[in-house]
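Undergrad: below is the sequence, then the predicted model.
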Amino acid sequence: MSGRLRAISLRILQAVPVVIGVVVISFVLTRALPGDPAVYFAGPAADEASIAQIRKELGLDRSWPEQFAIYVGALLSGDLGKSLSTGQPVLSDLATRLPASLELTLVSLLLACAIAIPLGVLAATRPGSWIDHLCRILVTAGVSLPTFFTGVVLIYVFYYLLGFAPSPLGRLDFIYIAPPATTGFYLIDAAIVGDWSTWAAALRQLVLPATTLALFTLAPIARMTRAAMLSALSADFIRTARAAGLRGRTVLFAYAFRNALLPVVTTLGMVFSFMLGANVLVEKVFAWPGVGSYAVEALVVSDYAAVQGFVLAMALLFVALNLLIDLIYSLIDPRIGFSAQ
Amino acid sequence: MTEAMHEPPRSRSTLDHALYVLRDNPVTLIAFAMFALLLFMALFGPLVAPYDPLASNTDVALKPPSAAHWFGTDNLGRDVFSRVLVAARLDLMISIAAVALSFIVGSVLGAAAGYWGGWIDTVLGRLLDTIMAFPLFVLAMGIVAALGNSVENIIYATAIINTPFYARLVRAEVNIRRNAGFAQAAKLAGNSDLRVLAFHIFPNALPPMMVQVSLNLGWSILNAAGLSFIGLGVRPPTAEWGVMVAEGANFIVSGEWWVALFPGLALMFAVFTFNLLGDGLRDIVDPRQRT
Amino acid sequence: MLKLTDLSVRFRTRRGPVDAVRSVSLELGRGETLGVVGESGSGKSVTSYALMRILDRGGEIVAGDAVYGGVDLRRASERAMADIRGREISMIFQNPRAALNPIRTVGRQIEDVLRRHSRATAQTARRKAIKAMEAVRIQDAAARYHAYPFELSGGMCQRIVIAIALACDPKLLIADEPTTGLDITTQKAVMDLIAELIRERDMSAILITHDLGLAAQYCDRIAVMKDGEVVETGASADVFGAPAHAYTRKLVSATPRDGAQLRGLLPAEARKPPPARAALGAPILEVQELTKTFPGKAGPVHAVKGVSFDVRDGETVGLVGESGCGKSTTSAMIVRLLDPTSGRIVFKGEDLARRPAARFARDPLRAQIQMVFQDATDSLNPRHTSRQSIEEPLRRLSPLGARARSARIEELADLVGLPQPLLDRFPHQLSGGQKARVGIARAIALEPRFLILDEPTAALDVSIQAIVLNLLADLRAKLGMSYLFVSHDLHVVRLLCDRVVVMRAGEIVEQGAVEEVMRAPSDPYTQSLLDAAPRPPVALAAE
């Protein structure tokens, strides 16, 4: 299967121009600021001298290609500039806050998949049944829900009215101490040291924001699963399998579901795009100390280096996720690499 | 002249068809009714609003819904009902303008790439890949942050992140029909490439486009409201659903639910309407649905 | 062995119930091969799905009985049915590539069946699967075991489907259009294999086909279906030799066969005297050393490699070959949709190859060369009514005003036999034959001198094909056109053509007068094409 290996390396190579494109757009965004970028980067409290110094630091007095070269050079050395509000390098700010965002996103994704995929499969195997209608309602409602509004409603119901949920402020109630950072994921770190009360507390904090994000995410996954399953079930090869007497279970899973999985995996790219965006809103609603709320705080104080660093970091993360999705896809679909031969 | 003689029966049948689709599918009918309500709010909201949406009155701050204030009042004593009503115009305008922009740009680029292929296709593909390489809402944040905080920039940012969807859809729809028999027949009938593309192939891409337009309108409203929610674009005290939810969110933990709930519901209502509208619109634009 | 009594199948659809099969009674003895023939929509496939109980959603048996070897197939439990499928009764399908799971190796798919019916254990499955592949004459089966369907040819995929069907030695094989979607030469190989396996294993079989020739050649008995009903059954020779039912007569006479004349395809009552042919004139089209090379990923693809032939004024030339032989590329270049790589296309003394296809739309000769497309559905704009489709060339290329155009459209509709009320319908509201007429009306709207017919009847049922071929012959006589008839079927080509050009792999292997080529082909490839085509029933008296 050298064809497949070649296809995989080709796919990895294809990420290179995309990364270059991302860096170019990111550069344009940092330089497209109306007025003098130096004034923005220096912040509202800066005086003439510090603005001039920033301008020199940013190389704004040079030609565009030179500026781009400087920008790329800084990126390569991991320099995304300094945040005005925290005084720290943007890169280290992002690095410390990224695990919080990833934990929220991944838990939501797992939750969404755990609900959406069985739902989509059931809806497709029983069209017109109550579960099919439920699926359709969830799908339409799910994409209509503004995540920030869902979050607010959930807080009102489960925190204010019912008192089930802890106060929606961050990853851990103030009476607990964060577990020693190994992965940065509280659920994993607390489990590693066996601190189950912290683990439970972290989970309680996570439930509402993760549900909010999952409600939004499950709609596209369920819709795609249902559609893919319906089209797989009506395929000719399903008739062959049935005519050969294969059991319903085998037909459903080994034949229909494995084929239906392909378009679902492809949709995950789009789903990640939506999730990384919705993450920002959910983090703001729940005061979740991730990169999203960092960016929002930076926006409020016009801390543009932090915002643009965030945008670039998210784009690179997303490119990596897409690459991962495509690699997974090429593992399930034997046809990948055939055309490249 | 005879042209005109042909036209009336045709347009009547189109209208008939639209009515038939509406009668045939109650969901579409409901969606259109909801859309009519939204349009009414957008056109006449400021006229029918009982209070000035910006007038604050601290005497009645944070009052729950009552006969005088149907949706209650916010922390500055402004009437939430009036503000929700008035905000419809701004929210609809942003999404419609953004979708119109991306529809036009995406159609032209996608049609050219799908029909002629070659370097146009390659360049466009690269450009779209790069845009789509960003999580779209995050890209919109970056664009608005870079261009400056204004309603126009929200529209541009939303249009930019929408464009890839149209361009890709049109490209695919045009590409599968590029060598279709009817496109070749149109060439044999003396149509130039441009005419074949514009009058024979492109109209066939309209039904799926209509679904996209409708979904996109909803999505654009969500995006604009989301941007306002995190403090980009529309600024307080302007009445806008996202901003209002953001303001109301501060009071939710103390139990004043109405400040955030009603603008949030209005937002949901609008997005839900557009999502429902999609299939109905496609049925109306698609002649194959005629019987 | 198998007995269907008054079997009826109904589908629930959005527009109410549809009776797909009405009171069908059939019998099949041990070791017998029954052919079920009929045109599309006759319910022949649905009947077989019904007795296998694998009807699509919404379909159910509403009346009648199906009994197989004492088992009531209609009332058997789903579990019992699943045991019967694949072990007692097996099925093979049309379009073999789609009939296989695209992401499972073919070996595993055969194993699935073997394991399901306890014919193999985890240890023996692989060996037995390879044996099953060898049984359908697959060379190097052990290596092919790991192949995915997309890595195999269509004919090879059909062999795999047959291997799956026969892996557990069923007693009855149902073959549903097993050769549709395959090339003619592959078709013959696959059919011969099926026939051989049936004989070897002493199975009974049902062959479902629209092709009377195929049925006549391979079946002992025939059942003819029309609109969900069996209109006639009997021994093969009887049904085709002396058809009792009017519909069977119509089908048999409409099937192109040796010695048949164009008018002979039509039902007796519809036959008019054949149109008089004008004497052939000077060459109107001369194709000289035409080549077309496409850039491909793995080097250039030479689709057409130096093709030369001519067509005289009033003449009809057939261009015949299997898919991929370059006949479509050649016709696209002549009709000026595609620029040749080299060569000349001399039409009325002018070299069209010098005029770029992209600008030919406004060429004065555009109206002179027109085309009837292969797939009538695909060639009509779904958003245009018949009237708009026919009007398009008139609007662009004729000086007629709106009123004159309208009159001309109605005249054209009469000419091609399209009822006027259908002019305001959209393509999806028309039948296949009606769409073909719209396509022809559009092609002749500008009174072209030269018309390319690109498999104009390939997607049509035989009875409609008979009508369309006759229409084309009438129009040729009436309007004095020359045709280039592109087709894969020599028997169809013979009916309409004076001369024939046989293409293979981008080159002409033979050309000459059509009767001569068919009687004594000089090239072995032509001979194999002729041999591969199923022998249609010839016994039918011309009445």
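TA: Perfect, thanks for sending it. Computed from a predicted model, the values in this text were never measured in an experiment. Numbers count the residues shown, from 1 in each chain, chains lettered A, B, ... in the order given.
Undergrad: going forward, measure contacts between C-alpha atoms and count neighbours the same way
TA: OK.
Undergrad: could you look up the SS state of residue C:284?
TA: Three-state secondary structure (criterion: DSSP: H, G, I helix; E, B strand; the rest coil) places residue C:284 in strand.
Undergrad: which residue packs closest to whichever residue of the stretch 101-250 of chain C sits closest to chain A, ignoring adjacent ones?
TA: In the stretch 101-250 of chain C, no residue comes nearer to chain A than residue C:101, which is 5.3 Å away by Cα to the nearest Cα. In this structure, residue C:101 finds its nearest non-sequential neighbour in residue A:237, 5.3 Å apart by Cα to Cα, 6 or more residues apart in numbering or on different chains.
Undergrad: from what I see, the one you found and residue C:104 are in contact.
TA: No. With contacts counted by Cα atoms under 8 Å, residue A:237 stays clear of residue C:104, the gap being 10.9 Å.
Undergrad: in the stretch 101-250 of chain B, what residue spans correspond to helices?
TA: Ranges of helices within the stretch 101-250 of chain B are B:118-132, B:136-147, B:151-177, B:181-188, B:193-195, B:206-229, B:241-252, based on DSSP state H, counting those that start in this stretch.
Undergrad: in a markdown table, list the ones you listed along with mean pLDDT and mean neighbour count.
TA: As requested, the helices of the stretch 101-250 of chain B are exported to a markdown table (pLDDT from 0 to 100; neighbours: other Cα atoms under 10 Å in any protein chain shown):
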| stretch | mean pLDDT | mean neighbour count |
| --- | --- | --- |
| helix B:118-132 | 88 | 17 |
| helix B:136-147 | 88 | 26 |
| helix B:151-177 | 91 | 23 |
| helix B:181-188 | 90 | 24 |
| helix B:193-195 | 90 | 14 |
| helix B:206-229 | 86 | 24 |
| helix B:241-252 | 84 | 25 |
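Undergrad: of all the ones you listed, which one is nearest chain C?
TA: When those are compared by Cα to the nearest Cα, helix B:181-188 sits nearest chain C, at 3.7 Å.
Undergrad: what helices or strands is that closest one leaning on?
TA: When contacts are defined as 3 or more Cα pairs under 8 Å, 6 or more residues apart in numbering or on different chains; DSSP states H and E, helix B:181-188 packs onto strand C:369-372, helix C:376-379, helix C:386-397.
Undergrad: ok, now how distant is the closest residue to chain B within the stretch 1-150 of chain C from residue C:422?
TA: Chain B sits closest to residue C:15 of the stretch 1-150 of chain C, with a gap of 11.0 Å, by Cα to the nearest Cα. Using Cα to Cα, to the nearest Å, we find residue C:15 at a distance of 22 Å from residue C:422.
Undergrad: pLDDT below threshold where in the stretch 51-200 of chain A?
TA: For the stretch 51-200 of chain A, the stretches with pLDDT under 70 are A:58.
Undergrad: show me where it has its helices.
TA: If DSSP H, counting those that start in this stretch is used as the criterion, the helices of the stretch 51-200 of chain A fall at A:64-76, A:90-125, A:130-144, A:147-154, A:186-193, A:196-233.
Undergrad: buried residues, the first one. List them.
TA: Neighbour counts over helix A:64-76 (16 or more other Cα atoms under 10 Å in any protein chain shown) mark A:67-68, A:70-72 as buried.
Undergrad: in contact with residue 60, which residues?
TA: Let's take chain A. By Cα atoms under 8 Å, 6 or more residues apart in numbering or on different chains, the contact set of residue A:60 is A:38, A:67.
Undergrad: chain C is the one I meant
TA: Applying Cα under 8 Å, 6+ apart, the residues near residue C:60 are C:9-11, C:50.
Undergrad: how about the residues of the stretch 151-300 of chain A by chain C?
TA: For the stretch 151-300 of chain A, the residues found near chain C under the criterion Cα under 8 Å from any Cα of the partner chain are A:235-240, A:242-247, A:255, A:259.
Undergrad: who wins for neighbours among the residues you listed?
TA: For those, neighbours were counted by other Cα atoms under 10 Å in any protein chain shown; the highest total belongs to residue A:244, with 32 neighbours.
Undergrad: neighbours around the closest residue to it other than its chain neighbours, how many?
TA: Taking Cα to Cα, 6+ apart, and ignoring the residues beside it in sequence, residue A:244 has residue C:86 as its nearest neighbour in space, at 4.0 Å. The burial metric for residue C:86, expressed as a neighbour count using other Cα under 10 Å, is 32.
Undergrad: show me what contacts residue C:86?
TA: Contact partners of residue C:86, counting by Cα under 8 Å, 6+ apart, are A:243-245, C:113, C:117, C:165-166, C:168, C:170.
Undergrad: now do residue C:283
TA: C:310-313, C:348.
Undergrad: could you flag which of those are buried?
TA: Neighbour counting over the contacts of residue C:283 (16+ other Cα under 10 Å) leaves C:310-313 as the buried ones.
Undergrad: those residues in helices, which ones?
TA: Using DSSP state H, no member of the buried ones among the contacts of residue C:283 falls within helices.
Undergrad: these also near chain B: which ones?
TA: Filtering the buried ones among the contacts of residue C:283 for neighbours of chain B using Cα under 8 Å from any Cα leaves an empty set.
Undergrad: make TSV out of the helices of the stretch 51-200 of chain A and add distance to residue A:333.
TA: Listed next are these as TSV, based on distance: least, Cα to Cα, whole Å:
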stretch	distance to residue A:333
helix A:64-76	35
helix A:90-125	19
helix A:130-144	27
helix A:147-154	34
helix A:186-193	32
helix A:196-233	15
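Undergrad: returning to that earlier point: which one's more surrounded, residue C:15 and residue C:422?
TA: Neighbours per residue (other Cα under 10 Å) separate residue C:15 from residue C:422, with residue C:422 holding more: 17 against 6.
Undergrad: pLDDT at the more buried one, what is it?
TA: In the predicted model, residue C:422 carries a pLDDT score of 89.
Undergrad: hmm, residue B:81 is touching residue B:69, no?
TA: Yes. With contact defined as Cα under 8 Å, residue B:81 counts as touching residue B:69 (7.0 Å).
Undergrad: more neighbours: which of those two?
TA: Comparing residue B:81 with residue B:69 by other Cα under 10 Å, the one with more neighbours is residue B:81, at 22 against 18.
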